[in-house]
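Undergrad: From the sequence below, what's the structure:
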Amino acid sequence: MNDSNTVNEHKAEAPERVSCAVITVSDTRTLENDSGGALIAELLQAAGHNVHSREIIPYEPAVMKPLIERLEQDPGIDVILMTGGTGISSRDQTYETVTSIISKPLTGYGELFRMLSYQQIGSAAILSRAVGGLINDAVILTMPGSPKAVQLAMNEIILPEICHLVREANK
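TA: As a prediction, this is how the structure comes out:
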């Protein structure tokens, strides 16, 4: 059996629908003007997935870490998707916070995101610290706050693999 058959079998055995928490990391966004978080929720729902919860939190690890840990322990949540705080400014703490609690990194996620970003924005892609992994059996994926970056991550990486990721994380 070749590798593409194995991947196709795994995807066929994956759930058709997953439940996600969406977190926007921002000091200025509200539900009314959070275009990145709204886009994630819209794309998830259009693909038939459940948006279990949506949160907007400040760039504060002391707020971010307990929220992620609480969501990870909720049996109704399969995936935590985060937007914002992945850059290199002094306020950007998403990478540090998430990597401190990941039990299994998915290094290919960040690498693939930056490769695809490079095709759109050139060498500025190095400023993204998008990261993904598992926290126990919950999948967590981060992405920049811009709607274009969210659209890229969701359409090209996350939505095509989200059910497969959940299947593998729960084996």
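Undergrad: okay, how far is it across stretch 136-149, tip to tip?
TA: Start and end residues of stretch 136-149 are separated by 27 Å (CA to CA, to the nearest Å).
Undergrad: So which bits of that stretch are buried?
TA: Across stretch 136-149, burial judged by 16 or more other CB atoms under 10 Å covers 138-146, 149. Quick note: C-beta positions are derived from backbone N, CA and C, even for glycine.
Undergrad: what do you get for stretch 93-113?
TA: Buried positions in stretch 93-113, judged by neighbour count with 16+ other CB under 10 Å: 93-95, 97-98, 102, 106, 109-110, 112-113.
Undergrad: could these be laid out in CSV, adding distance to Val18 and secondary structure?
TA: As requested, the buried residues of stretch 93-113 are exported to CSV (distance: CB to CB, whole Å; DSSP: H, G, I helix; E, B strand; the rest coil):
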residue, distance to Val18, secondary structure
Gln93, 27, coil
Thr94, 21, helix
Tyr95, 24, helix
Thr97, 23, helix
Val98, 19, helix
Ile102, 19, coil
Leu106, 16, coil
Tyr109, 16, helix
Gly110, 21, helix
Leu112, 19, helix
Phe113, 19, helix
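Undergrad: Starting from whichever strand or helix holds Val51, tell me which strands it pairs with and how they run.
TA: Here Val51 sits within strand 50-57, counting by DSSP states H and E. Within its sheet, strand 50-57 is paired with strand 19-25 (parallel), according to DSSP bridges.
Undergrad: ok, residues contacting the strand it pairs with?
TA: Residues outside strand 19-25 that contact it (CB atoms under 8 Å, 6 or more residues apart in numbering): 34, 36-37, 40-41, 44, 49-59, 64, 67-68, 71, 74, 76-85, 93-94, 145, 162.
Undergrad: What residues does the residue most central in space within the chain make contact with?
TA: Geometric centre of the chain, nearest residue: Leu141, 2.5 Å, by CA atoms, centre = their mean. Applying CB under 8 Å, 6+ apart to Leu141 gives the contacts 79-82, 106, 109, 130-132, 153, 158.
Undergrad: Please consider this matter closed, and thank you.
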